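[1] sharing a model prediction with you, sequence too.
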Amino acid sequence: MGKRVHSQEVRNAALRLLKERGVDIKDIAEIVYEMQSPYAPDLKLDACIESVLAVLEKREMQHAILVGVELDKLAEAGRLSEPLQSIIEQDEGLFGIDETIAIGAVFTYGSIAVTTYGHLDKAKTGIIKKLDTKTGKGVHTFLDDLVAAIAANASSRLAHHLRDEEEGRLDNGRHQEEQDAG
Ligand code: MG
C-alpha cells in the first residue's frame, strides 16, 4: 500500500491548479459578492474572499478540483481515449459528469449552495462565463462547474454566517456551524 497523501499536499495542489488554470480567488469572491450583496447591503469583498478560502479548505472541494481539472488538462493535451476525448474537448452538452462532480461538492453546504449552484450553472456569472466560452485550445469543461460549486458553497456559508453574526451567535471568532461540526 502506498504512503497516505497528506491533507496539506492535497490542499496546496487544489489551490495551485486553480491558479494554473487562470482562476483567482478574487474572481470567485466576486461571484459570491454578486450572489450575496442583495441580501447583505454592508457586505465587503474581503468577507467573500474569506468564505472562498474556507470552502477551499474542505476535502470534498479539493478532491473535486483535482479530478475535474485533471480531466480538463488531459483533454486539452489530447491524451484521453475516444470517445471521452471528443466529448470533454467539445464540452458536449448532454455529458453532465462535469456538473455531477461539482454538485457532489455542494451538498455539504446545504440547500442555499445547491440552489445557488443551479443558478450559476445557468446564468454563468463572472469568470464562469469566460471559462464556458470556448476560446482557442483551452478545455475548461470541468473547471467552469467547479468554480460555480466553490462560489455556491462560499455564498451559502456566508449567508449562514451573516445570520449568526446578526444574532450574536459567534464565539471567539468561531462560527456556530464550525463549532457544531467540531
Ligand atoms: Mg462544464
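    Here it is on my side, so go on. These numbers were taken from a predicted model, which means no experiment stands behind them.
[2] wait, what's in contact with residue 143?
    Residues in contact with residue 143 (Cβ atoms under 8 Å, 6 or more residues apart in numbering) are 21, 23, 68, 69, 72, 131. Any C-beta I mention is one placed from the backbone N, CA and C, and that applies to glycine too.
[3] and those residues, which of them are in strands?
    Members of the contacts of residue 143 lying in strands (criterion: DSSP state E): none.
[4] tell me the one of the residues you listed nearest residue 109?
    Comparing the contacts of residue 143 against residue 109 with Cβ to Cβ picks out residue 68 as the nearest, at 17.6 Å.
[5] and the pLDDT at that closest one?
    Here, the pLDDT recorded for residue 68 equals 98.
[6] for this protein, what lies in contact range of the ion?
    In this structure, the chain approaches the ion at residues 98, 141, 144, 145, judged by Cβ under 5 Å from the ion.
[7] so which strand or helix has residue 34?
    In this structure, residue 34 sits in helix 25-36 according to DSSP states H and E.
[8] again, but for residue 19
    Under the criterion of DSSP H and E, residue 19 resides in helix 7-20.
[9] buried residues in that helix?
    11, 13, 14, 15, 17, 18 (16 or more other Cβ atoms under 10 Å).
[10] now this structure against the ion: closest residue?
    residue 98 (3.8 Å; Cβ to the ion).
[11] could you tell me how many residues sit around that residue?
    23 (other Cβ atoms under 10 Å).
[12] pretty sure it sits against residue 145.
    Yes - Residue 98 lies in contact with residue 145 (Cβ atoms under 8 Å); the separation is 4.6 Å.
[13] who touches both of these two?
    Each of residue 68 lies in contact with both residue 98 and residue 145 under the rule Cβ under 8 Å, 6+ apart.
[14] can you map out the helices along the chain?
    Assigned helices in the chain, in chain order: 7-20, 25-36, 45-55, 59-76, 84-89, 97-104, 110-123, 127-132, 143-166, 176-181 (criterion: DSSP state H).
[15] helices and strands of the protein: which one has the lowest mean pLDDT?
    Using mean pLDDT, DSSP states H and E, helix 176-181 stands out as the lowest-scoring helix or strand of the chain, at a mean of 49.
[16] what about the residue lying closest to residue 10 once chain neighbours are set aside, how many neighbours?
    Spatial nearest neighbour of residue 10, chain neighbours left out: residue 62 (5.1 Å); criterion: Cβ to Cβ, 6 or more residues apart in numbering. A count of neighbours around residue 62, defined by other Cβ under 10 Å, yields 21.
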